[in-house]
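1. Can you look at this prediction? I've put the sequence above it.
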Amino acid sequence: MEQTGPGQQTHCPYCALQCAMTVSASTAGGGATVAGRDFPTNRGGLCRKGWSAADLLRHPDRLTAPLLRGSDGVLREAPWDDVLQLISNRVRTIQAAHGRDAVAVFGGGGLTNEKAYTLGKFARLALRTSRIDYNGRFCMSSAAAAGNRAFGVDRGLPFPLEDLDAASVILLLGSNAADTMPPFVQHLRGARGAGGLVVVDPRRSATARLADQGKGIHLQPTPGTDLALLLGLAHVVVAEGLEDRAFLEERTIGYDDVARGLARWWPERVQSLTGVPAASIRATARLLARGARSGADGGPGAYILTGRGIEQHADGTDTTTAAINLALLLGLPGTSHSGYGTLTGQGNGQGGREHGQKADQLPGYRKITDPAGRAHIANVWGVPEDAIPGPGLPAVELLAALGRPDGVRCLFVHGANIAVSAPNATTVIDGLRSLDLLVVSDFFLSETAALADVVLPVLQWAEEEGTITNLEGRVLRRRAAVAPPESARSELWIMQELARLLEAPSLFSEDPETMFNELARASAGGLADYSGLDYDLLDGGTAAYWPYPMGGTGTPRLFLDAFAHPGGRAALVRVAPQAATIGSNVPAPLLLATGRLLEHYQSGTQTRRVSELLSAQPEPRLQLHPVTADGLGIAQDDRVVVTSENGEAHALADLTADIRQDTVFLAFHYAEAGSANRLTGSATDPISGMPEFKTTPVRVAALSAHPSRSLADKLEVNA
Amino acid sequence: MSNPESGAPERIVIVGFGPVAARLVEHLEPLVAAGKVAVTVIGQEKEAAYNRVLVADVAVGRSREAAIGLADPAALMALGVDVRLDTRVAQVDRPARQVLLDDGEVITYHRLVFATGSRPILPCLEGMDDGGSQALPAGVGFLRDLDDARAVATALASRERIVVLGGGILGIEAAIAAAEEGGRVTLVHHGRSPMERLLGEGALVLAAALRNAGIAVVAGTSTGVHLADGRFAGLDLADGTRIDGGRLVLACGVRPRTELAEECGLDVADGVLVDHTLRAVNAEGIWAIGDCAEVRCRDSSCPACTEDTAPQGLIGPGWQQADYLGMAWAAEFAGVPASVVGLPERRDAVLVLKARGVDAVTAGETDADPWAVQPGLAVAVWADPGHGRYVKIVTRDGVLTGLVCVGMPRTGAELVLLFERGSELPADRSSLLRLDSAEGVVAAIPSGPDATLCRCAGVTRGAVADSVVNGCTSVPDVSASTRAGTGCGGCHEDIKAVIEQHFAVAV
């Protein structure tokens, strides 16, 4: 394709690393080309998802007109005016019959800040419903809850990513960053060079392999035991006097209680629960302490980073808290050479969790139950405070309410494909089918859109203006490089039009800058304060780490002076596995962990349409250990069926000694029979609402039997 | 059980304040805060509950006393829990539902919990019989409480030889801990080698490891202590030898503390007899948990109580009992039907040696003969004494029922996990041994033109080689042409190698 002009400086559409790229419109066909651009996070690097991102701009599957389901059940193109009027009428009818909360909104962590903010406002002022939540509940909610509990604020990385370059020790828990955000790996080089990369993962993932050959340690616990492992690490720190006493006394509360809780978690006991040898637990704790001491002396420090592997559990908040406790014991957070952080997943997973898409939240990371916060937002919106509904339902409860009596009758979905990405997907799909009205905004006919009554075609990343907040809490500009298809519309325009039809108060503008300026005012004085930011400043390249208050500057490193709790201290919070989950003597079947591949993103709506990516990973593959496979009579590339109490999924067997014998892994990027979330259940974390994604008991069987092929059978014959 | 004075909280009295009692108190804290129960916990030691398992670590100075505490008396008192330290219960008056303390105070209870734990066994040794007094000679002690730990610490600091009597796990742990921290140690044991009963041939491998750790391991029967100026100076053996030393640590096992229970007429076998809900049999309003309790109900067909249920001297089962009782009472006082299904099925003890440089674990039946012909039984043994490794795996119908693992930490950890879960083992038992092999650690080196050289961008070695053939002479050239090396940058060395190889061939 021919390029025109110098191209637009923007960022990748996919993950939270938000690699900088230049997008150049092609002269022919309306497409574009992509090139990596130097930036502190990606240093010019892109992964193959980023490189191929522009392939989707003029994809033949692209939705170019609204679709309306006819009485014959078929989706057909329809004019914008008609579908918007129909939506507005149906919303009024449904709410008149069933109450305002019969209408709900499901948002996404990929939406720009402007869209996330406007969506929250649209739900509360135009739809007048309390029921809004988003797919970040499946992603960052446990880390967010733990961060808020410990520090009083939740910014994924409270320091610039480049700070990691100087570290001598990095403990990476439950993150396969080498696959999920490959350019990130550049920042591990220093720790690897110092032999200090510790990766905790039941799989010897691409990231775990980075610790091979003396570059660090790979700990391979059985799924669901991360909390016990972290307690074991912290136990060693306290027992051996490796903690930072001065830091704990000056900057934290809760030490005594946590330390007493740790006395029960000596390494040999933890070994019996996790399968990680006591010696490795001690070695890791001492390595961390060495890095912490070095950092405290101004040398290369230590960082603890968590990912979804330890967060996406029914005890994800407590597990993340245990990681933060460990960091606080070592004195890492709030210092210039060490720290704790969580690696945010979705493109705007950070900004998306700050501006009111969450059931319990208002813009600026305010609590919806906080009277002062409500008054501030009501003032910015120009509405009486009681016009803002109270807290709604977190995602899993919201989806469980679909089609139920007193539940949800109408759902708006933006930037999410819950038919694939939500846990217990079969039940969710049944719920979506039972709705009176399902409105889905997307640029492809996703599996969720295919169930909709109305599908609204929206813009892709290279066609819109806006802002994204990356995993560091740095606000970035997304810029339009190509013209959108004629009939596609921005979600801001859709909300503007629907708000008008629904006679909503306050401002709904299709102009991103207008909405950003209102977002900035709404966030003023909140935890995630953007009030000092505007497009001119961002376009000028300012490193805009929030909080960025009016008249102030950005905050690359949070907590250097104080934590965000009243009194300025961080809180250690005593946590422990639930008694019932310890040492239960039930023979464990295989445990399924779900996760991501390098080649695909989220529900695969986008990446399964990129031929280069699809051909590299065309269908779901179940990773299992050769010894496990042998016992089940399964050979490489056999078709297998995976069964849990929630459903079944089909995949090809992929035998690898890199996974534990008791664990199987299935990526969640695929739909229909290959959908991993047909297997996951509805259990959630009591604090964050995070579903259990990583420890589902399953059985695995070959779809076609291979008689007497396995070693087990041969040994049986010889016996 | 109904509360006689309705409205007033029920009074629960816990005798003993060790780790198991502390766990029960934790469960009761919310009930105390809610005013539903009043709790009195009575401990004999000056300290509140601490983790006895770690006493040896404190003795040798690698864990701090403060780090093993399990309860904060001040915080408990503030919450309303009545904590009595340094206090003994003199007597229990069951008809009156009262306990009498040694200071004369009388406390009435609605529920009484025995959590008196166990006490170390005192071996019969000449020179220690001091006219019936319980006091041990100076320089002789156990390694059971913090006072013992302080005494061992003093001996270590003064560079005295420490003699450990007892080849069980506690004796070995004490010996290794002292030796690893620079102490001079002799371990005296019965039989061929320490832990022989549990480890079988593996015990020989362990003994070698102990010697490598600098411990003098001596087999023999001890007959008496030699005192000099009333202080321990040596241990005499039946063969006439004497092992000189400055401190004798007695590690000859433990026995449930049941005197108080016996005196008040409770049924006692090895421990206080309780049914599988932990209620004392033939008694009202009395429970027992932890080392002092023996779970055996009157129903001879009760599946929970048919096995050997004598106390094991381990902390894990006691904590499970405290969890069970705490959760059952929480449900009872909340007025919800007990959601607790019952005590976890009792399994054989898992013993994990707590030591730094020596790895040994054992569980379940370990004496099975590999050559025995018995339906369902399969025994696998791997012995490599020259390299300090020994593994024995016993299965019945494929399920792991016994294990010994010395010198192979990953394998041992994995086997214990499989044992705790009652898992079926893979047919290829040797796959577990490979967890401790180096083979898994060698990174796969991509080779062949179809092998992926750059994972991030999905570029093959062949594609990179082609770009070099077509004129690329540097990594940036190759990256610009193929996208290889544009993600994490981890393959730059590989790209360089392809370029160098091409030009080396060309020259």
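-> Structure's in. What do you need? Numbering: from 1, shown residues only, chains lettered A, B, ... in the order given.
2. What backbone torsions are found at the residue of the stretch 401-550 of chain A found nearest chain B?
-> At 15.9 Å from chain B, residue A:471 is the closest residue in the stretch 401-550 of chain A, using CB to the nearest CB. C-beta: built from backbone N, CA, C; applies to glycine. With angles defined as degrees, to the nearest 10, residue A:471 sits at phi -60, psi -10.
3. cool, residue A:105 as well?
-> Torsion angles at residue A:105 (phi, psi; degrees, to the nearest 10) stand at phi -130, psi 140.
4. Poorly predicted segments of the chain, please.
-> As the question left the chain open, I've gone with chain A. A:1-5, A:579-588, A:705-719 (pLDDT under 70).
5. Hmm, no, I was thinking of chain B.
-> B:1-6, B:129-134, B:298-313, B:338-347, B:439-446, B:505-507.
6. where do the helices sit along it?
-> Assigned by DSSP state H, chain B shows helices spanning B:19-33, B:55-59, B:73-79, B:146-157, B:169-180, B:196-199, B:202-212, B:259-263, B:315-334, B:409-421, B:430-433, B:461-469, B:475-482, B:492-506.
7. Throw the ones you listed into JSON lines and include mean neighbour count and distance to chain A, thanks.
-> Below are those laid out as JSON lines (neighbours: other CB atoms under 10 Å in any protein chain shown; distance: least, CB to the nearest CB, whole Å):
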{"stretch": "helix B:19-33", "mean neighbour count": "23", "distance to chain A": "8"}
{"stretch": "helix B:55-59", "mean neighbour count": "25", "distance to chain A": "7"}
{"stretch": "helix B:73-79", "mean neighbour count": "14", "distance to chain A": "8"}
{"stretch": "helix B:146-157", "mean neighbour count": "18", "distance to chain A": "13"}
{"stretch": "helix B:169-180", "mean neighbour count": "25", "distance to chain A": "10"}
{"stretch": "helix B:196-199", "mean neighbour count": "20", "distance to chain A": "16"}
{"stretch": "helix B:202-212", "mean neighbour count": "22", "distance to chain A": "13"}
{"stretch": "helix B:259-263", "mean neighbour count": "16", "distance to chain A": "26"}
{"stretch": "helix B:315-334", "mean neighbour count": "20", "distance to chain A": "4"}
{"stretch": "helix B:409-421", "mean neighbour count": "25", "distance to chain A": "4"}
{"stretch": "helix B:430-433", "mean neighbour count": "19", "distance to chain A": "4"}
{"stretch": "helix B:461-469", "mean neighbour count": "19", "distance to chain A": "13"}
{"stretch": "helix B:475-482", "mean neighbour count": "20", "distance to chain A": "9"}
{"stretch": "helix B:492-506", "mean neighbour count": "14", "distance to chain A": "11"}
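8. Can you add distance to residue A:184 and give those back as TSV?
-> Output for the helices of chain B, formatted as TSV (distance: least, CB to CB, whole Å):
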stretch	distance to residue A:184
helix B:19-33	41
helix B:55-59	39
helix B:73-79	43
helix B:146-157	47
helix B:169-180	40
helix B:196-199	47
helix B:202-212	42
helix B:259-263	61
helix B:315-334	40
helix B:409-421	29
helix B:430-433	33
helix B:461-469	23
helix B:475-482	18
helix B:492-506	16
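9. And the ones you listed: which comes nearest residue A:287?
-> Among those, helix B:409-421 comes nearest to residue A:287, with 16.8 Å by CB to CB.
10. ok and the closest one relative to helix B:315-334, angle-wise?
-> Here helix B:409-421 runs at an angle of 40 degrees relative to helix B:315-334 (axes from the mean of the first three to the mean of the last three CA atoms, to 10 degrees).
11. Residues contacting helix B:409-421, please?
-> The contact list for helix B:409-421 (CB atoms under 8 Å, 6 or more residues apart in numbering or on different chains) reads A:222, A:271-280, A:583, A:585-588, A:662, B:347, B:350, B:352, B:359-361, B:363-364, B:391, B:393, B:400-401, B:403, B:405-406, B:423, B:425, B:432-433, B:435-436.
12. Leaving out sequence neighbours, find the closest residue to the residue most central in space within chain A.
-> In chain A, the C-alpha closest to the average C-alpha coordinate belongs to residue A:139, at a distance of 3.1 Å (CA atoms, centre = their mean). Counting by CB to CB, 6 or more residues apart in numbering or on different chains, residue A:139 lies nearest to residue A:345, which is 4.9 Å off, once chain neighbours are set aside.
13. Over to residue A:290?
-> Using CB to CB, 6+ apart, the closest residue to residue A:290 is residue A:169 (6.9 Å).
14. From residue A:327, how far off is the one you found?
-> Computed as CB to CB, to the nearest Å, the residue A:169 to residue A:327 distance reads 12 Å.
15. Need phi/psi at the nearest residue to residue B:456 once chain neighbours are set aside.
-> Distances taken as CB to CB, 6+ apart place residue B:487 nearest to residue B:456, at 2.3 Å, with adjacent residues excluded. Dihedral pair for residue B:487: phi -100, psi -100, per degrees, to the nearest 10.
16. Residue B:487: neighbouring residues, count only.
-> Residue B:487 has 33 neighbours, counted by other CB atoms under 10 Å in any protein chain shown.
17. cool, and the one 4 residues further on?
-> Counted with other CB under 10 Å, the neighbours of residue B:491 add up to 27.
18. and residue A:91, what does it touch?
-> Applying CB under 8 Å, 6+ apart, we find residue A:91 in contact with A:103, A:127, A:410, A:437, A:502.
19. what do you get if the cut-off is 6 Å, keeping everything else the same?
-> Neighbouring residues of residue A:91 by CB atoms under 6 Å, 6 or more residues apart in numbering or on different chains: residue A:103.
20. From residue A:546, how far out is it?
-> Distance check for residue A:91 against residue A:546: by CB to CB, it reads 34 Å.
21. where along the stretch 1-150 of chain A do the helices fall?
-> In order along the chain, the stretch 1-150 of chain A carries the following helices (DSSP state H, counting those that start in this stretch): A:48-51, A:80-98, A:113-121, A:141-151.
22. For the third one, list every residue counted as buried.
-> The neighbour-count check on helix A:113-121 (16 or more other CB atoms under 10 Å in any protein chain shown) flags A:113, A:114, A:115, A:116, A:117, A:118, A:119, A:120, A:121 as buried.
23. ok, which pair from these is furthest apart?
-> The most distant members of the buried residues of helix A:113-121, if one measures by CB to CB, are A:113 and A:121, lying 12.4 Å apart.
24. For residue 28, list the residues it contacts.
-> All of this refers to chain A. Residue A:28 touches nothing, counting by CB under 6 Å, 6+ apart.
25. The chain in question should be chain B.
-> When contacts are counted by CB under 6 Å, 6+ apart, residue B:28 touches residue B:39.
26. Kindly recompute the last result at 8 Å.
-> Going by CB under 8 Å, 6+ apart, residue B:28 touches B:12, B:37, B:39, B:81, B:326, B:329, B:330.
27. The last one contacts residue B:27, correct?
-> In this case it means residue B:330. Yes: counting by CB atoms under 8 Å, residue B:330 does reach residue B:27; the two are 6.3 Å apart.
28. In terms of helices and strands, where is residue A:238?
-> helix A:226-239 (DSSP states H and E).
29. The stretch 501-650 of chain A: helices as residue ranges?
-> In the stretch 501-650 of chain A, the helices defined using DSSP H, counting those that start in this stretch lie at A:512-523, A:535-539, A:611-616, A:626-631.
30. Figure out which of these is closest to residue A:569.
-> With CB to CB as the criterion, residue A:569 lies closest to helix A:512-523 of the helices of the stretch 501-650 of chain A, at 24.7 Å.
31. Centre of the chain to the closest one, how far?
-> For helix A:512-523, the distance from its own C-alpha centre to the chain's C-alpha centre is 24 Å (CA atoms, centre = their mean, to the nearest Å).
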